[in-house]
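J.: kindly generate the corresponding structure for this input.
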Amino acid sequence: MTVTQPDVSVIIGAYEAMPYLVECLASVEAQTIDPERIEVIAVDDGSTDGTGEYLEEFAARAPMSVTVIRQENSGGPSGPRNVGLGKAAGRYVFFLDADDRLGAEALERMVAMADRNGTDVVLGRVVGVNRSAPKSMWGRTLERTDVFSSKIKFTLSAQKLFRRELLERHGMRFDESLWTGEDALFTMEAYLRANGVSVLADYTCYYLVGREDGKHVTKSGSYTLRFDSACALMQLIADLVPAGERRDALMVRPFLVTLLPQFGPKFLTDSEEVRRHKMELAKPLMEAYWRDGIGRRIKVQERLRLHLVAEQRPELLVDVLQFLKAKKQPTALLEKKGRRLYLAYPHFRDRAAGVPDSVYLAEPHEARPFPGYREGGAESLLRRAVRKARRMLTSRSSTPGGRAAAA
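T.: Just a heads-up that it's a prediction; the model follows:
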């Protein structure tokens, strides 16, 4: 009897997943792809709520191959995923969280897209159920793209289709030393090493389900874990992408999504000790990775907060956060004939604070909505240079001895 390699291995790490696991597995069973083309590898990470027993019941009746592994609790999602990945035989792997569920055609569509385009990662549209989900990358379906040409850097969760050969070739596994953000590290590495990425935006492939008990891994744990996560992702990007515009574009993700929230509204209610500790944890990251090229890609208030973190000025940061909490709007100051717009958040042109004007300067993506703003840049500089050259030519041709006179 010939054993056919499955197209996709669905890896499910499960811990205390009842009753959500019931709908999760029902969504796997309802897949339109031929059951013989998929295998399920489910790892029960020491559950005590019947999760392991339900997985075994499912394995006994499911139409596809199901392997159930039961182990002592590992403390996080990385261990079960790595165990499942080590057992996987499919051409592709898909990581499905036991709380969530798949759209019926998800695996069939994603495998077809990867095969059609030869891409190594496929992102299927995600929607949230009782929780938020990333949105910016689902504008349109992209048969082939990369992390620099799209918004995919803003979705680094593991729930994607990965070509297993890519993962094996680079020895990729989830970092079990990280207690949060381990999926961001894994997915960003896959994006950077992939021979193309596909985005399937016209069909909901994945339902990200909010648990009523609020137990989401991304919401749990000490703030120190966020700094560990940010550090790991920044280091990965620095290791794989040379310094320059492309690296700056990717660094926006850890600075904006992982680091900056530590210096948001919660900072106002933090104790002085926690504030000092957060500043200490951020200092080496800011020194190593913060660049003007990153600042230019984000909003003024975001840039200002990160600048104050870099300068270790928590007292000024508190003023900015209180301003934002009060939902105040900064005064917009137009200069240079409307081509330069400053947003006067707290401490703008305050000599004692010493924050450079450039920190408050709105880039075109933020300045365009303001009345009177005239976008400058290379194009307008070129137009001014052309006008100047024409004036010089006109002036020469109208003077005695010029070309006009010679003619």
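J.: can you tell me which residues contact the residue positioned nearest the centre of the chain?
T.: Taking Cα atoms, centre = their mean, the centroid of the chain lies closest to Phe154, which sits 2.5 Å from it. Contacts for Phe154 were tallied using Cβ atoms under 8 Å, 6 or more residues apart in numbering; they are 134, 136-137, 253, 257. In this view, the C-beta of every residue, glycine as well, is placed from N, C-alpha and C.
J.: and those residues, which two are furthest apart?
T.: The span of the contacts of Phe154, defined through Cβ to Cβ, is set by Met137 and Val257 at 13.2 Å.
J.: can I take it that Leu25 is in a strand?
T.: No - counting by DSSP: H, G, I helix; E, B strand; the rest coil, Leu25 falls outside a strand, being helix.
J.: please work out the average pLDDT along the helix or strand hosting Arg226.
T.: Here Arg226 sits within helix 223-240, counting by DSSP states H and E. Helix 223-240 shows a mean pLDDT of 96.
J.: gap between the two ends of stretch 344-353?
T.: 13 Å (Cα to Cα, to the nearest Å).
J.: could you pull out the buried residues of that stretch?
T.: 345-348 (16 or more other Cβ atoms under 10 Å).
J.: what does stretch 275-290 give?
T.: 275, 278-279, 281-282, 285-286, 289-290.
J.: can you lay out these as a markdown table showing secondary structure, distance to Leu142 and pLDDT?
T.: A markdown table is the format used below for those (DSSP: H, G, I helix; E, B strand; the rest coil; distance: Cβ to Cβ, whole Å; pLDDT from 0 to 100):
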| residue | secondary structure | distance to Leu142 | pLDDT |
| --- | --- | --- | --- |
| Arg275 | helix | 42 | 97 |
| Lys278 | helix | 37 | 98 |
| Met279 | helix | 40 | 98 |
| Leu281 | helix | 37 | 98 |
| Ala282 | helix | 35 | 98 |
| Leu285 | helix | 31 | 98 |
| Met286 | helix | 34 | 98 |
| Tyr289 | helix | 28 | 98 |
| Trp290 | coil | 30 | 98 |
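J.: for the residue lying closest to Arg163 once chain neighbours are set aside, what are phi and psi?
T.: Of all residues not flanking Arg163 in the chain, Asp120 sits nearest, at 4.3 Å (Cβ to Cβ, 6 or more residues apart in numbering). When read as degrees, to the nearest 10, the backbone of Asp120 gives phi -100, psi -20.
J.: is Val22 in a helix, a strand, or coil?
T.: Val22 ends up helix, using three-state DSSP.
J.: let me redo that: Val40
T.: Applying three-state DSSP: Val40 is strand.
J.: can you map out the strands along the stretch 251-400 of the chain?
T.: For the stretch 251-400 of the chain, the strands defined by DSSP state E, counting those that start in this stretch cover 331-335, 340-344.
J.: from these, which stretch is densest packed?
T.: strand 340-344 (a mean of 19; mean count of other Cβ atoms under 10 Å).
J.: relative to Gln329, how far out is the residue nearest to Arg163?
T.: Distance from Asp120 to Gln329, counting by Cβ to Cβ, to the nearest Å: 45 Å.
J.: confirm for me that the residue nearest to Arg163 is in contact with Asn195.
T.: Yes - with contact defined as Cβ atoms under 8 Å, Asp120 counts as touching Asn195 (5.3 Å).
J.: shared neighbours of the two, which are they?
T.: Leu166.
J.: ok, Tyr206 touching Gln159?
T.: Yes - judged on Cβ under 8 Å, Tyr206 makes contact with Gln159 at a distance of 5.3 Å.
J.: which one of the two has more residues nearby?
T.: Tyr206 (25 against 20; other Cβ atoms under 10 Å).
J.: ok, Asp120 and Gln329, which is more surrounded?
T.: Using other Cβ under 10 Å, the more surrounded residue of Asp120 and Gln329 is Asp120, with 23 against 9.
J.: quick one: low-confidence ranges for this protein?
T.: 1-3, 213-221, 377-407 (pLDDT under 70).
J.: got the CA positions of the longest strand along it in CSV?
T.: Assignment by DSSP state E gives strand 197-209 as the longest strand of the chain. Output in CSV follows, covering the C-alpha atoms of strand 197-209 (Å, rounded to 0.1, in the frame of the first residue of the first chain):
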residue,chain,number,x,y,z
VAL,A,197,4.3,35.4,0.2
SER,A,198,0.7,35.2,-0.9
VAL,A,199,-2.3,37.1,0.7
LEU,A,200,-5.7,35.6,0.4
ALA,A,201,-8.0,38.5,1.2
ASP,A,202,-11.3,37.6,-0.5
TYR,A,203,-12.2,34.7,1.8
THR,A,204,-12.3,34.4,5.6
CYS,A,205,-9.9,31.6,6.3
TYR,A,206,-9.5,32.1,10.1
TYR,A,207,-11.8,33.1,12.9
LEU,A,208,-9.8,34.5,15.9
VAL,A,209,-12.1,33.7,18.8
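J.: give me the helices and strands touching it, please.
T.: helix 20-29, strand 101-102, helix 106-117, strand 121-129, strand 142-145 (3 or more Cβ pairs under 8 Å, 6 or more residues apart in numbering; DSSP states H and E).
J.: what packs against the helix or strand harbouring Asn82?
T.: The secondary structure element spanning Asn82 is helix 78-87 (assigned by DSSP H and E). Helix 78-87 is packed against strand 8-14, strand 38-45, strand 65-71, strand 92-97, with contacts defined by 3+ Cβ pairs under 8 Å, 6+ apart.
J.: mind running it again at 10 Å?
T.: strand 8-14, strand 38-45, strand 65-71, strand 92-97, helix 164-169, helix 182-193 (3 or more Cβ pairs under 10 Å, 6 or more residues apart in numbering; DSSP states H and E).
J.: hey, what's in contact with both of Tyr206 and Gln159?
T.: 94, 96-97, 100, 102, 106, 123-124, 126 (Cβ atoms under 10 Å, 6 or more residues apart in numbering).
J.: right, and Gly118 touches Asn195 too?
T.: Yes - with contact defined as Cβ atoms under 10 Å, Gly118 counts as touching Asn195 (6.8 Å).
J.: where do the contact lists of the two overlap?
T.: 144, 163.
J.: from the buried residues of stretch 344-353, which land in helices?
T.: Among those, none falls in helices (DSSP state H).
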